[in-house]
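Student: Here's my sequence, what's the structure:
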Amino acid sequence: MSPYMLLMFSSILILGTMITLSSSHWLFAWTGLEINTFAIIPFMAQKNHPRALEATLKYFIIQITAAIMLLYSSTLNAWLSGQWEIQHMMYPAPLMLATMALALKMGLAPLHAWYPEVLQGLDFKVGLILSTWQKLAPLALFIQISHEYSILYIILGLTSILMGGWGGLNQTQLRKILAYSSIAHLGWIILIVHYLPSITFLLFLIYVTMTFTLFLTLYYMFSTSINSLSTSWAKAPILTSMLPFTFFSLGGLPPFTGFISKWIILNELTKQNLILVATIAALSALLSLFFYLRLSYAVAFTTPPNNLSAMLPWRFPFFFSPLFLTLSIMISSFSLPLSPSLLAFFLF
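Tutor: Numbers count the residues shown, from 1 in each chain. Prediction:
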């Protein structure tokens, strides 16, 4: 893709998300989502490979289906209430249909089956956009319609946490593992969006920081499977030694950054007397923690056999500045002491 086309589609992608974020009218929000969807299609299809084209087609069909459901639900709500405002969606039928459409767009369980397959067919750079930026606009709509029927969000959140952890257990491809990790983390965010919408953006920002670090690290290490991950020490020893910290942070272990999200969500669920929901979410997170520890074991404790058919690469020449990735690793792993300041900034 030429630089001019890259700049144009990137600008359109940002524009579509900004339209949705700044809209309180369903038609404008829907228009922003569609602009956002069509802008990422060229990025997904630029790699002339059957898997990439298959992933692009699957993504297009799923997003169009979700867009039709969302347009129908908003039109039905306008017919029943006479209002096109996003925050005036009060009737159960259109609200449930809009919630399912947004869940389908974000890849939340039980509407998540398309997401790992699509992410598997993309490279890490486009997969990073799909896992972070493409979730922002639907999440903003989730926040605006989350004032009714909290039980629906609890079901979506718990199902996503459970399926995200369960689905990643038997995977060997890193992109599918990252997809199930994204499903589980978004499930945690959806759990709290009804009770504490002011803190949702902080939780999403922490998720984006950790996901960005992991995608970028795996991209620079040229690792697409657990087997290739076990030989990454020969490519970038220092970068490989820092990778388990990112996995521990994604698993929510203290004293790493990911513990902030788990602590805030479990604390708020306890305040809302949802002890059973908090317990199920915490136990389901152990599934995700298992495959994070499995990846950490493959990175830190596994060495390849000595009878390889080819020599191992040693310290590939990276054509990038390590400063940005270094800052990303530090923020995504060691920002727990900043949690009081972050909470004070986002709550007041």
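
Student: alpha carbons only for contacts and neighbour counts from here, please
Tutor: OK.

Student: Would you mind listing the buried residues in the longest helix along the chain?
Tutor: Longest helix in the chain, counting residues (DSSP state H): helix 50-81. By neighbour count on 16 or more other Cα atoms under 10 Å, the buried set for helix 50-81 is 51-57, 59-60, 62-63, 66-67, 69-78.

Student: Stretch 216-235 too?
Tutor: Buried, per 16+ other Cα under 10 Å, within stretch 216-235: 216-218, 220-221, 223-235.

Student: quick one: the helices in the stretch 1-150 of the chain?
Tutor: Under the criterion DSSP state H, counting those that start in this stretch, the stretch 1-150 of the chain contains helices at 3-21, 26-45, 50-81, 92-106, 114-120, 124-131, 133-144, 150-167.

Student: As TSV, the ones you listed with distance to residue 269 would be great.
Tutor: Shown next, in TSV, are these (distance: least, Cα to Cα, whole Å):
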stretch	distance to residue 269
helix 3-21	27
helix 26-45	30
helix 50-81	29
helix 92-106	21
helix 114-120	28
helix 124-131	26
helix 133-144	17
helix 150-167	10
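
Student: Tell me which of those helices lies nearest to residue 330.
Tutor: Closest approach to residue 330 among the helices of the stretch 1-150 of the chain is made by helix 124-131 (18.8 Å; Cα to Cα).

Student: What lies in contact with the closest one?
Tutor: 43, 44, 119, 175, 179, 182, 211, 212, 215, 216, 218, 219 (Cα atoms under 8 Å, 6 or more residues apart in numbering).

Student: 10 Å instead, please
Tutor: Contact partners of helix 124-131, identified using Cα atoms under 10 Å, 6 or more residues apart in numbering, comprise 40-41, 43-45, 106-107, 115, 118-122, 134-135, 175, 178-179, 182-183, 186, 207-208, 211-220, 222-224.

Student: Tell me where this structure is predicted with low confidence.
Tutor: 146-148, 302-322, 347-348 (pLDDT under 70).

Student: Residue 197 against residue 141, yeah?
Tutor: No. Counting by Cα atoms under 10 Å, residue 197 stays clear of residue 141, with 11.4 Å between them.

Student: what residues are shared contacts of those two?
Tutor: By Cα under 10 Å, 6+ apart, no residue touches both residue 197 and residue 141.

Student: Done for today, thanks.
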